[in-house]
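*Asks:* When you get a sec, could you give me coordinates for this:
(chains A and B)
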Amino acid sequence: AQTVTQSQPEMSVQEAETVTLSCTYDTSESDYYLFWYKQPPSRQMILVIRQEAYKQQNATENRFSVNFQKAAKSFSLKISDSQLGDAAMYFCAYTRGGSQGNLIFGKGTKLSVKP
Amino acid sequence: NAGVTQTPKFQVLKTGQSMTLQCAQDMNHEYMSWYRQDPGMGLRLIHYSVGAGITDQGEVPNGYNVSRSTTEDFPLRLLSAAPSQTSVYFCASSYGPGLHPGELFFGEGSRLTVL
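*Replies:* I've put the predicted structure just below:
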């Protein structure tokens, strides 16, 4: 069975600095997708970034980028120039290819941003 | 464009009572799903649907029923509520097969307390 592990329950970063959130996963599939979702205090789940397993290039979205290490089954999220609005729970998630949306989520990392 | 709408946002039930969480989306998405979020557990898939008339079980389906009579609506029914069903429930939708797999659009969540 596929699993997603986030080993950092809480992280803290100073405003304007960079922080990296860790995620590892386990799967025997070769076709899959990985995601980072953000959940601010409003509770709304928001997609931050997506990575296709077949793509070697790491995905980036403005200040957010990933380090996708397929052999190590590692998928970390780097947030550059952290802002107060980045404070939230961050969930790493996995879905196999061919699935429209049956995601397996990690337990989440709570990120605090200090002014 | 309302996106995914869940009602009610808050509900308190007594053990043994029944209720339905409503979910509607106006994006003509084929895929819809229900997740529950518990502290320290991330989100776990309850039931999902890949189109009208088609539903299937996720990771934690016991105690819940679903139906999908229209593309827009995907209600979640608790037939006899138990304290273990105290949780925050999220409805989510996604595009059809092959289109942006795993990119879910979430509702704002429904907090359910069973006494």
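
*Asks:* Just to be sure, A:G85 is in a strand?
*Replies:* No. Under DSSP: H, G, I helix; E, B strand; the rest coil, A:G85 sits outside any strand and is assigned helix.

*Asks:* show me where pLDDT drops low in chain B?
*Replies:* Across chain B, the ranges flagged by pLDDT under 70 are B:1, B:97-98.

*Asks:* can you pull out the strands in it?
*Replies:* Taking DSSP state E as the criterion, chain B carries its strands at B:4-7, B:10-13, B:19-25, B:31-38, B:42-51, B:54-57, B:64-66, B:76-78, B:87-94, B:105-106, B:110-114.

*Asks:* Give me the buried positions along the first one.
*Replies:* Of the residues in strand B:4-7, those buried under the neighbour-count criterion (16 or more other Cβ atoms under 10 Å in any protein chain shown) are B:4, B:6. Just so you know, the C-beta spots here come from the backbone N, C-alpha and C atoms, and that holds for glycine as well.

*Asks:* picking up where we left off before, closest one to A:E17 among the strands of chain B?
*Replies:* strand B:42-51 (26.4 Å; Cβ to Cβ).

*Asks:* what's near enough to touch the spatially most central residue of chain B?
*Replies:* Within chain B, the residue whose C-alpha comes closest to the C-alpha centroid is B:W34; the distance, by Cα atoms, centre = their mean, is 2.7 Å. Neighbour list for B:W34: B:21, B:23, B:45-48, B:58, B:64, B:66, B:74, B:76, B:89-92 [criterion: Cβ atoms under 8 Å, 6 or more residues apart in numbering or on different chains].

*Asks:* near chain A too, which of the residues you listed?
*Replies:* With the criterion set as Cβ under 8 Å from any Cβ of the partner chain, the members of the contacts of B:W34 near chain A are B:45, B:48, B:58, B:90, B:92.

*Asks:* so where do the strands sit in chain A?
*Replies:* So, for chain A - with DSSP E - the strands run A:3-5, A:10-14, A:19-21, A:24-26, A:32-39, A:46-52, A:60-61, A:64-69, A:74-79, A:88-96, A:104-105, A:109-114.

*Asks:* What residues does chain B have near chain A?
*Replies:* Contact residues, chain B versus chain A (Cβ under 8 Å from any Cβ): B:30-31, B:33, B:35, B:40-45, B:48, B:50, B:58, B:88, B:90, B:92-97, B:101-104, B:106, B:108-109.
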